[in-house]
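>>> Need the 3D shape of this:
(one chain, ligands or ions: 3)
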Amino acid sequence: MTVDTTPTSVSGINIKSSQNRLLIKNGKIVNDDGMEDLDVYIEDGIIKQVGRNLIIPGGTRTIDATGKLVMPGGIDPHTHFELEMMGAKSADDFYKGTRAAVAGGTTCVIDFVLPQKGQSLLEAYANWREKADGKVCCDYGLHVGVTWWSPQVRKEMQQLTTEQYGINSFKMFMAYKDAWMLDDYDLYCAIETCAELRALPQVHAENGNIIARNTEKLLAKGVTGPEGHQLSRDEEVEAEAVNRACVIANQASSPLYIVHMMSRSAVRALQQARARQRHVLLGETLAASVGTDGSHYGNSCFRHAAAHVLSPPLRPDPATPQALCEALADDDLQLIGSDNCTFHEKDKELGKNNFCKIPNGVNGVEDRMAILWQKAVNTGIMDPCRFVAVTSTNAAKIFNMYPQKGRVAVNSDADLVVWDPKLERTISAATHKQAVNFNIFEGQHVVGSPQYVIVNGRVCLDDGELRVVEGFGKFIKTAVDSPAVFGSAPAPAAAPAQLDVSHVSNGSPSPDLGNMTKSVESLSVSGCSTPTGRKMREPGARNLQTSTFSISKEIEGLDTKTSVRVRNPPGGKSSGLW
Ligand SMILES: NC(=O)NCCC(=O)O
Ligand SMILES: [Zn+2]
Ligand SMILES: [Zn+2]
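Numbers count the residues shown, from 1 in each chain. Ligands and ions are numbered 1, 2, ... in the order given. The predicted structure is shown next:
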């Protein structure tokens, strides 16, 4: 076990007592549903009291949070630490990756177990636990990739969702042809299995066959540099896959979560699917896509351009970052992750003469919160409550960790950030904690960053000084049947993915009709009138009181005359997370 720094005392108080008992005073608590000036008392890693004039034991360390926001620690729903892909291994391991996470205000990450084709999912899961358990500086959960299909995979998915393993989400790839990609039949089977298990299917939505053919054509024309990466997979290639994934999920009567949505076209495809489908459809974007853009692929320096290569790629359209912030604010997207998957320069050079060999991935786990604060809160696009929702609470709800995680409340884990909205700094690889010497946000000036980060009651960022402990975090088992995804009704006795043939009288069932009937029903339901779209546009306005409920944008993006997409109805049809 490694400790970054090992002071025996902090401000003259024994560190043991300061770790066990902590009072955060005079701050403004921010949850996803409101803000209030209250103190927080923590004991043994759990929030024990929230209120004013608290009575607390002597010897308790006090942090004065005057002028600061006290928020649930960030939950990054998408990391790849120590991942072997495309002939390289990602540079941030579970120690350095979670150390960087904590430095940026994130106190829980969810990484992906990605089996090789043909590999047992259980074996891959065991490998991941072995890599992570002794190294993590904060709590972590796992999603499992379904990278091939067989009856054995189906059985192992079922096993993984039991209490013994604690998995409630599976990721399928529509890209990375000849590696992790599933065809539509296998994708349908995998999503259907998720629905039966009441687990959440996640999809990497890009058309892998189109990418493969475009890559051949580009290479034949002599386009070998990193710019070819974006050219081989434009927005349409992403949006088509988003739509197809939603259709397949609908056929399987399943909810769906689309990871790393990088373009306006993709968001539009998700909105349109939501308007016609009955099950919850969730979308995640990335710090990379709100914090930078695809202009970097044209940089003449290979190192620079290759460092920005990830899939789906950053988009050349300069309006994309703001549009994605607005989508997060409007609940068109529900979460922001990092997809942190860093590679050393020598590994990126595997693609020096062929862009399709550049290992895919960028940094973000450390800067995710500050980047979103800068781009969305400081600009007035979202308020601090929505910031908490998309950086923490929604992930906790979707992956069934709530309210243990994602909330400042009595009995929740003491995973907290004391956020200084006035703290100014410039992001740089020279000062970041990530394992690589490149940062895609290099030189960006941000106002707002964590001053203290508390992980399970332990002060791990202490007035800006990082004091993490290797192996201090623990694995969080997640149960299936998340209420945010499947609703609070009990699971149906019959498997939900059965085709509805009840209306067929001549003995020749039409597989389409069951879902078509549902679509028609949901179209009429979606015309209901709840005003939605909690958002805030006045620059500088920063609290719920100044938020407005707007219906003005609700009829944008209509694709049929009969459907009206009602956005964010509190308690109505939306992501279900309000
Ligand atoms: N996104 C990316 O480019 N790398 C990580 C693997 C994945 O999530 O597809
Ligand atoms: Zn992916
Ligand atoms: Zn990823």
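>>> now stretch 489-500: mean pLDDT?
Here stretch 489-500 scores 60 as its mean pLDDT.
>>> gap between stretch 47-64 and the chain center?
Centre-to-centre, stretch 47-64 and its host chain are 32 Å apart (CA atoms, centre = their mean, to the nearest Å).
>>> That stretch spans what distance, first to last residue?
Length of stretch 47-64, first residue to last, CA to CA, to the nearest Å: 17 Å.
>>> got a list of contacts for it?
Residues outside stretch 47-64 that contact it (CB atoms under 8 Å, 6 or more residues apart in numbering) are 10-11, 13-14, 17-18, 21-26, 29, 37-42, 408-414, 416, 418, 452, 459. Where you see a C-beta, it was placed from the backbone N, CA and C, and this is true even at glycine.
>>> how close does the closest residue to residue 481 other than its chain neighbours get to residue 161?
Computed as CB to CB, 6 or more residues apart in numbering, the closest residue to residue 481 that is not its neighbour in sequence is residue 198, at 4.1 Å. Distance, residue 198 to residue 161, using CB to CB, to the nearest Å: 8 Å.
>>> Kindly report the same for residue 292.
37 Å.
>>> and what of residue 61?
40 Å.
>>> One more: residue 331?
Distance of residue 331 to residue 161, computed by CB to CB: 28 Å.
>>> what's the closest non-adjacent residue to residue 98?
Once flanking residues are discounted, residue 98 sits nearest to residue 137: 4.2 Å by CB to CB, 6+ apart.
>>> Same question for residue 371.
Among residues not flanking residue 371 along the chain, residue 291 sits closest, at 4.0 Å (CB to CB, 6+ apart).
>>> Counting neighbours, what do you get for that neighbour?
Using other CB atoms under 10 Å, residue 291 is surrounded by 26 other residues.
>>> Confirm for me that it is in contact with residue 442.
No - here residue 291 lies out of contact with residue 442, judged by CB atoms under 8 Å, at a distance of 10.8 Å.
>>> quick one: contacts for the residue of the stretch 101-250 of the chain found nearest ligand 1?
Relative to ligand 1, the nearest point of the stretch 101-250 of the chain is residue 204 (5.1 Å; CB to the nearest ligand atom). By CB under 8 Å, 6+ apart, residue 204 lies in contact with 171-176, 259-260, 311.
>>> hmm, try it at 10 Å
With contact taken as CB atoms under 10 Å, 6 or more residues apart in numbering, residue 204 is in contact with 145, 171-176, 180-182, 238, 241, 245, 258-260, 311-312, 339.
>>> again with residue 439
Counting by CB under 10 Å, 6+ apart, residue 439 touches 307, 342, 362-364, 366-367, 427-432.
>>> if you set the cut-off to 8 Å instead, what comes out?
With CB under 8 Å, 6+ apart, residue 439 has these contacts: 363, 367, 427-429, 432.
>>> And for residue 335?
Residues near residue 335 by CB under 8 Å, 6+ apart: 77, 282-285, 328, 390-391, 394-395, 398.
>>> So between residue 292 and residue 161, which is more surrounded?
residue 161 (25 against 20).
>>> Hmm, the more buried one is touching residue 169, no?
No - taking contacts as CB under 8 Å, residue 161 lies outside contact range of residue 169: 9.5 Å.
>>> Need the pLDDT of the closest residue to residue 378 other than its chain neighbours.
Of all residues not flanking residue 378 in the chain, residue 447 sits nearest, at 5.9 Å (CB to CB, 6+ apart). Residue 447 is assigned 98 on the pLDDT scale.
>>> so what secondary structure elements neighbour the host helix or strand of residue 447?
Using DSSP states H and E, the element containing residue 447 is strand 445-455. The contact analysis (3 or more CB pairs under 8 Å, 6 or more residues apart in numbering; DSSP states H and E) places strand 445-455 against strand 21-25, helix 94-103, strand 106-113, helix 368-372, strand 416-426, strand 458-462.
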